[in-house]
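Enquirer: Quick one: sequence and predicted model below, then my questions.
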Amino acid sequence: MIRFILVATTVIGFLVLSIPLMLVEWLIGRKDRRLRDVQSLKVVQALFRLCLWLSGVKLTVKGREHIPSDSAVLYVGNHRSYFDILVGYVTVPGPMGFVAKKEMEQIPLLSNWMRYVNCLFLDRHNIKEGLKTILEGIDQVKKGISVWIFPEGTRNEQENLLDLLPFKEGSLKIAEKGGCPVVPVAITGTADIFEKHLPFIRPSHVTIEFGRPFLIKELAPEHKKFPGAYVGEQIKALLREELVSQGKLPLEEAYIQTDKAKEYKNL
């Protein structure tokens, strides 16, 4: 409980005490939005690193060399914890924003900082508004700002890490229409921090692995039609390998599970 109190106090304290800084960033943004975004990202990353440290998280990053350095990308990851966002922001290079649910736009102060770090708010119940968010994401990647999405649409509470929820195909339209690479991302260990034993926060070893990027237009026809399913299989392959390396999945079982997934894997 002590860790939860420390993290909650840190976040709430930051949101309240950072109001003057937020106003300064707002003024800067009126003249130079890029500068505002860069400065705001550094502030948020520092806060998230502190929260991860207070939570006792040991973080291992794999495959960062796969991230293209010459263009924005669409990060596509599995989603099991609020801490996925913290881990994402402290590990990716360059400007990037998450696609968040519309309800978070109503949270005072927090939503302001989310906008400053290029988050997009998606209304999952309104197709027309959802399309507007996709168009914003396309415009964002064309301006060199990466986007991170969780195509499962919500936090996955399945016991088996490999039981991903169906990926929403429309979520990859940002990469398809924006012409940017897709980078599969596999995260393990974040649910062990908080969600598995609410309201306690406990130390965890978190691994985040970035897979090889691909362009949707270069996929085989059968995969180009369902890119969500394709990237989902790639993420499963990364998760499977990580579970084997951690001794949580027998190698023999992993071989059986990969028979069907081999055609999707490009590692």
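Expert: Good, I have the coordinates. Residues are numbered from 1 along each chain as shown.

Enquirer: What is the burial count for residue 25?
Expert: 19 (other Cβ atoms under 10 Å). (Glycine included, C-beta is placed from N, CA and C.)

Enquirer: Tell me if residue 207 really is in a strand.
Expert: Yes - using DSSP: H, G, I helix; E, B strand; the rest coil, the assignment for residue 207 is a strand.

Enquirer: Quick check, it in contact with residue 243.
Expert: No - between residue 207 and residue 243 there is no contact, the gap being 10.0 Å when judged by Cβ atoms under 8 Å.

Enquirer: Touching both of these two, which residues are there?
Expert: residue 188 (Cβ atoms under 8 Å, 6 or more residues apart in numbering).

Enquirer: tell me, how many neighbours does residue 62 end up with?
Expert: Residue 62 - counted by other Cβ under 10 Å - has 16 other residues nearby.

Enquirer: got any ranges where this structure has weak pLDDT?
Expert: 250-267 (pLDDT under 70).

Enquirer: Packing partners of the longest helix along the chain?
Expert: Secondary structure of the chain per DSSP state H: the longest helix is helix 33-54. On a contact count with 3 or more Cβ pairs under 8 Å, 6 or more residues apart in numbering; DSSP states H and E, helix 33-54 meets helix 2-17, helix 19-31, helix 83-91, helix 110-116.

Enquirer: got the contact list for the closest residue to residue 63 other than its chain neighbours?
Expert: Using Cβ to Cβ, 6 or more residues apart in numbering and skipping residues adjacent in sequence, the residue nearest residue 63 is residue 210, 3.9 Å away. Residue 210 makes contacts with 61, 62, 63, 64, 66, 67, 75, 183, 184, 185, as judged by Cβ under 8 Å, 6+ apart.

Enquirer: switch to 7 Å and redo it
Expert: 63, 64, 66, 67, 183, 185 (Cβ atoms under 7 Å, 6 or more residues apart in numbering).

Enquirer: which one among those gets closest to residue 27?
Expert: For the contacts of residue 210, the minimum distance to residue 27 (Cβ to Cβ) is 32.3 Å, reached by residue 67.

Enquirer: related to what we said a few turns ago, and the helices and strands packed on helix 33-54, which is most packed in?
Expert: Highest mean neighbour count among those (mean count of other Cβ atoms under 10 Å): helix 83-91, with a mean of 21.

Enquirer: angle of that one against helix 2-17?
Expert: 70 degrees (axes from the mean of the first three to the mean of the last three Cα atoms, to 10 degrees).

Enquirer: Starting from helix 83-91, tell me the next helix or strand along the chain.
Expert: Later in the chain than helix 83-91, the nearest helix or strand by DSSP states H and E is strand 96-101.

Enquirer: Which strands border that following strand, and is each parallel or antiparallel?
Expert: strand 120-122 (parallel), strand 146-149 (parallel) (DSSP bridges).

Enquirer: follow-up on the earlier one: out of the contacts of residue 210, which are buried?
Expert: Buried by 16 or more other Cβ atoms under 10 Å: 63, 66, 67, 183, 185, out of the contacts of residue 210.

Enquirer: which ones are touching the first one?
Expert: Going back to what we said before, that points to residue 63. Residue 63 neighbours (Cβ under 7 Å, 6+ apart): 209, 210, 211.

Enquirer: start to end distance for stretch 154-162?
Expert: With Cα to Cα, to the nearest Å applied, stretch 154-162 spans 15 Å between its terminal residues.

Enquirer: same question, stretch 89-102
Expert: From start residue to end residue, stretch 89-102 stretches across 20 Å - Cα to Cα.

Enquirer: Can you tell me the element residue 75 falls in?
Expert: strand 74-77.
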